[in-house]
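Visitor: sequence below, structure please.
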Amino acid sequence: MTEPEIQLLLEPREGIPPVIEEAAALASVVEAFARGAGPVAVDAERASGYRYSGRAYLVQLRRAGSGTALIDPIACPDLTALDRALDGAEVVLHAANQDLPCLAELGLRPRRLFDTELAGRLLGYERVGLGTMVEVVLGLRLEKGHSAADWSARPLPEDWLRYAALDVEVLVELRDVLHAELGTSGKLEWAMEEFSAILGAPAAAPRSDPWRRTSGIHRVRTLRGLAVVRELWTLRDEIAREADLAPGRVLPDSAIVQAALDQPRTTKALTEIAPFTGRSARRHLRDWLAAVTRARTMPEAVLPQPVGPGDGPPPANRWADRDPAAAKRLAAARTVVAALADEHRMPTENLLQPDAVRRLTWEPPADLSESSVAARLRELGAREWQIGLTVHPLAKALERLEIKGEV
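Guide: Numbering: from 1, shown residues only. As a prediction, this is how the structure comes out:
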């Protein structure tokens with residue numbers, strides 16, 4: 001059999017709409033989308049890798065009866081009127097967690113959601129990128145050449161705008177097919193619960209000591225070296241925030257780590273670390289050296305200390321030595337979850353969050369009844385549909401180990 005022919009989407013159906021940059025034009029869009037019907041396809045373009053902030057630099061929408069709109073959120077940063085116009089409408093996003101924060105900054109906060117990426121995961125699609133999903137499900141091919149572009153650029157090139165408009169062109173059609181497949185497979189209620197959980201999730205708390213996430217920091221094995229990393233990371237973050245540049249464009253992590261290893265004492269020694277000679281980094285050579293000097297000379301009492309144990313279980317590869325019984329519980333639970341995920345054709349991490357599995361088996365409830373295991377999973381953030389699928393086999397597996405005296 002020959003494979004079905006894939007149609008390449010080259011142009012939006014109504015052409016490339018003008019970019020909305022003025023209040024009067026935005027008011028017309030609000031009115032048009034209030035008159036429209038059905039779900040609203042939404043996408044946002046950021047400038048990740050170019051800018052410090054995660055703000056949106058273009059917002060795209062499409063709705064039946066309304067057409068497609070491209071809104072410049074730099075010129076029109078308040079979309080609360082549009083949010084009111086869409087009140088009650090289902091918003092269709094692909095990988096919603098990526099776009100919801102920057103949309104919320106503009107006042108656009110969906111109350112109903114359909115996430116086509118998550119729907120694809122629950123349905124067992126092997127690849128869930130938007131382009132692949134559109135091709136496999138709808139037989140259409142999207143041009144994806146500008147996904148990593150610097151969307152903060154102005155004016156935006158016409159081919160970028162074409163790409164942006166096409167991203168929402170068939171998103172509702174994709175949603176309709178996936179919605180039907182979820183219903184046929186008995187997974188629609190699961191998906192709705194997941195979508196509600198995404199909308200109800202609290203904003204992520206700021207990380208403590210974010211400098212410890214510097215790539216390559218594992219090479220730095222002294223407290224004085226860690227102090228260099230901390231001082232340089234903090235200075236870079238201040239510079240990047242003020243200039244609204246991605247931190248890696250100011251100074252790469254590799255330079256910070258190498259400076260922590262070398263601890264240069266002069267500007268000449270600092271510039272022997274190649275990234276410090278880059279155009280952006282050279283502007284701040286005196287400041288970089290001052291940061292290194294502060295770290296080299298600060299009192300030992302204020303040096304950063306090694307990371308202590310967190311509030312969760314240790315890495316799973318250490319369980320066999322730390323707690324052999326817990327290692328057996330984890331292996332048994334993972335076997336249960338893997339078998340259920342295979343049965344229901346979805347990734348194991350969507351059937352039950354790996355962190356919940358680890359925490360359940362590291363510190364299981366004293367009573368291994370289904371009600372106790374269910375309560376523990378609920379505490380760990382598992383959805384009700386996940387608990388319904390997993391609680392019986394998990395409780396039985398843990399109970400069998402206890403009866404056999406292996407835990």
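
Visitor: what's the burial count for residue 362?
Guide: Neighbour count for residue 362, taken as other C-beta atoms under 10 Å: 18. In this view, the C-beta of every residue, glycine as well, is placed from N, C-alpha and C.

Visitor: for it, which non-adjacent residue is spatially closest?
Guide: Nearest residue to residue 362, sequence neighbours excluded (C-beta to C-beta, 6 or more residues apart in numbering): residue 313, at 3.7 Å.

Visitor: can you get me a residue count around that neighbour?
Guide: Residue 313, neighbours per other C-beta under 10 Å, totals 20.

Visitor: give the contact list for it.
Guide: With contact set as C-beta atoms under 8 Å, 6 or more residues apart in numbering, residue 313 has these partners: 319, 326, 358, 359, 362, 363.

Visitor: would you list the phi and psi of it?
Guide: phi -70, psi 160 (degrees, to the nearest 10).

Visitor: can you give me the pLDDT of it?
Guide: With respect to pLDDT, residue 313 scores 93.

Visitor: repeat that for residue 257.
Guide: At residue 257, the pLDDT value in this model is 98.

Visitor: for the helix or strand it falls within, buried residues please.
Guide: In this structure, residue 257 sits in helix 253-262 according to DSSP states H and E. Of all the residues in helix 253-262, those buried under the rule 16 or more other C-beta atoms under 10 Å are 253, 255, 256, 257, 258, 259, 260.

Visitor: residues making contact with it?
Guide: Contacts with helix 253-262, where a contact means C-beta under 8 Å, 6+ apart, come from 214-217, 219-220, 225-226, 228-229, 232-233, 236, 269-270, 273-276, 281, 288, 292.

Visitor: cool, stretch 212-220 as well?
Guide: Against stretch 212-220 from outside (C-beta under 8 Å, 6+ apart): 207, 226, 228, 229, 233, 253, 254, 256, 257, 260, 261, 307.

Visitor: run a quick neighbour tally on residue 80.
Guide: So residue 80, with other C-beta under 10 Å, has 12 neighbours.

Visitor: got phi/psi on the nearest residue to it once chain neighbours are set aside?
Guide: Leaving out its chain neighbours, the residue that sits closest to residue 80 by C-beta to C-beta, 6+ apart is residue 107, at 3.7 Å. Residue 107 adopts backbone torsions of phi 90, psi 10, taken as degrees, to the nearest 10.

Visitor: separation between residue 107 and residue 76?
Guide: Counting by C-beta to C-beta, to the nearest Å, the gap from residue 107 to residue 76 is 11 Å.

Visitor: so these two - more neighbours on which side?
Guide: Neighbour comparison, residue 107 and residue 76: the larger count goes to residue 76, with 20 against 14 (by other C-beta under 10 Å).

Visitor: from the buried residues of helix 253-262, which is closest to residue 395?
Guide: Nearest to residue 395, judged by C-beta to C-beta, of the buried residues of helix 253-262 is residue 253 at 44.4 Å.

Visitor: for that closest one, which non-adjacent residue is closest in space?
Guide: residue 215 (4.2 Å).

Visitor: that neighbour: neighbouring residues, count only.
Guide: Using other C-beta under 10 Å, residue 215 has 11 neighbouring residues.

Visitor: how is the spatially most central residue of the chain assigned, secondary-structure-wise?
Guide: Nearest residue to the geometric centre of the chain (C-alpha atoms, centre = their mean): residue 98, 4.9 Å. At residue 98 the chain is in helix, as set by DSSP: H, G, I helix; E, B strand; the rest coil.

Visitor: what's the domain layout of the chain?
Guide: 7-200, 210-302, 316-403 (automatic domain parsing).

Visitor: could you pull up phi and psi at the closest residue to residue 392 other than its chain neighbours?
Guide: Distances taken as C-beta to C-beta, 6+ apart place residue 370 nearest to residue 392, at 5.9 Å, with adjacent residues excluded. Backbone geometry at residue 370, expressed as degrees, to the nearest 10, gives phi -60, psi -40.
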